[in-house]
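Trainee: The sequence and its predicted three-dimensional model are supplied below.
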Amino acid sequence: MTSKMTVAVLTGTAVLALASAVLAADVAAQIKARHDFFHEIGHAMKSSAEEVKGGAPSITNLQKYAAAIDSLAPKISTLFPAGSGPESGLKTGAKAEIWTKSAEFSQDAKDFVTAAHNYALAAKSGDINATKAALMATGKTCKTCHEAFRAEEH
Amino acid sequence: MAAGREVRVWDLPTRLFHWLLVLGVGLGWWTASTHRTDLHLILGEGVAGLLVFRLWWGFFGGSTARFRDFIVGPKRVIAYGRTLFRVGTKGEADPHLGHNPMGGWSVAALLLLLLFLVGCGLFAVDTDGLASGPLSNLVDYDHGRLASHLHTLAFTGLEALVFVHLAAIAFYQLVKGASLIRAMITGKTLAEPPRMGLKPGSRISLVIGALLFSAVWVGLLRLSAII
Ligand code: HEM
């Protein structure tokens, strides 16, 4: 090998290694963004549940939590880019089915966005019973998607 | 067989506790693996009541159910272990009615792990943030999620302990020719050499235990009701 070729090969290898490292960091960031998103939503859901369990729920608090969930929810469609599943080798509960059964997954995501919006609307209306029902319906959409698309152990 | 005589070894409350616990843990496992969270909470709260009852009964119950009766020091455990492989119960060191020195510790391990498991369940928060233990209001979301993970981990441990539990029972049945299952159902065992049966707990203690069980179960059910 001439020295020019060696340099070329070395440079090529370095560029490839760098590119894949950047990609891996990218995927890690995608997964982190996803976890942060669900974490924030889970937080608001728990606060909602606490409010409702107390017996005398404050509608203003529920409005706050519902609005937070509603404004975050639509982001879900951007949080599962291809390559961020189990094949990434990183710690994620996202199942491969998210991408192989993408129609069903999108439907679950859409149902969730709708339910979250209904929750916010019900809270805004001030009707406690309707708000509770909408909260429970939202919780159901989390459950439905998790049962199909989230691995419990990961 | 002729030498022994039938005596009472497990009182009815201890037997009821045992089989209700088996039912509760079994159904708890089934409801968890099929995502029937509402039922799972109701059952877990019932098991919490059972455990509180058992703790009470361990201090104020029938003689063979008392911790003082079956939690013994290492010397007696080792002495018993040396005679473990003898057929029958005659040649055993420490032939006393109730849990033997090794069995006593396995009971303690089961009860402690169950307390930990149920304790974590009380504070656990599910991923949906809604389905959550009756005391989860006392902790924040992250600690509730941690409790949920520990709850799952404890169940894996329980599976191992139950396996050991069942293996020990099979060992007594097949190697030592002693039917522990029959004793846990009928409450009676063949005492060989003959000795006194258990000294039952008082009626008032049983009433208090039953009230504790109901109070814990009903109290936790009320706390976890969302609507
Ligand atoms: C079908 C399955 C089971 C059978 C046949 C069975 C049988 C028995 C028997 C025969 C004993 C008495 C042992 C002795 O003579 O010292 C016993 C005690 C005990 N078992 Fe089980 N068992 C079963 C499942 C379980 C499960 C799933 C648990 C807990 C998760 C459990 C917890 C206990 C405890 C705590 C005791 C001590 C009883 C007391 O003094 O309160 N068992 N079991």
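Mentor: Structure's in. What do you need?
Trainee: quick one: pLDDT of residue 145?
Mentor: In the absence of a named chain, this looks at chain A. On pLDDT, residue A:145 comes in at 96.
Trainee: hmm, I had chain B in mind actually
Mentor: 94.
Trainee: Select the longest helix from chain A.
Mentor: Determined from DSSP state H, the single longest helix within chain A is helix A:3-53.
Trainee: And for the residue of chain B found nearest chain A, the neighbour number?
Mentor: Of all residues in chain B, residue B:129 sits closest to chain A, at 2.8 Å by CB to the nearest CB. Bear in mind the C-beta positions are built from the backbone N, C-alpha and C, glycine included. The local packing of residue B:129 (other CB atoms under 10 Å in any protein chain shown) involves 29 other residues.
Trainee: still on that earlier bit, what about the longest helix of chain A, near chain B?
Mentor: Yes: residues of helix A:3-53 contacting chain B under CB under 8 Å from any CB of the partner chain: A:38-39, A:41-46, A:48-50, A:52-53.
Trainee: pLDDT averaged over that helix, what's the number?
Mentor: Mean predicted confidence for helix A:3-53 is 82.
Trainee: Moving C-terminal from that helix, which element do we reach first?
Mentor: helix A:59-72 (DSSP states H and E).
Trainee: hmm, that next one in reach of chain B?
Mentor: No: for helix A:59-72, no contact with chain B is found by CB under 8 Å from any CB; the gap never falls below 9.6 Å.
Trainee: which strands and helices sit next to that helix?
Mentor: helix A:3-53, helix A:102-125, helix A:128-149 (3 or more CB pairs under 8 Å, 6 or more residues apart in numbering or on different chains; DSSP states H and E).
Trainee: ok, 7 Å please
Mentor: Here helix A:59-72 touches helix A:3-53, helix A:102-125, going by 3 or more CB pairs under 7 Å, 6 or more residues apart in numbering or on different chains; DSSP states H and E.
Trainee: Show me the contact partners of the following helix or strand past that helix.
Mentor: Once the chain leaves helix A:59-72, the next helix or strand it forms, by DSSP H and E, is helix A:97-100. Applying CB atoms under 7 Å, 6 or more residues apart in numbering or on different chains, the contact partners of helix A:97-100 are A:80, A:82, A:85, A:105, A:148, A:149.
Trainee: what's the farthest-apart pair in these?
Mentor: A:82 and A:148 (18.2 Å; CB to CB).
Trainee: Among these two, which residue is more densely surrounded?
Mentor: Between residue A:82 and residue A:148, counting by other CB under 10 Å, residue A:148 is the more crowded of the two (14 against 9).
Trainee: and that one, how far is that from residue A:109?
Mentor: Noted for residue A:148: a distance of 11 Å to residue A:109, by CB to CB, to the nearest Å.
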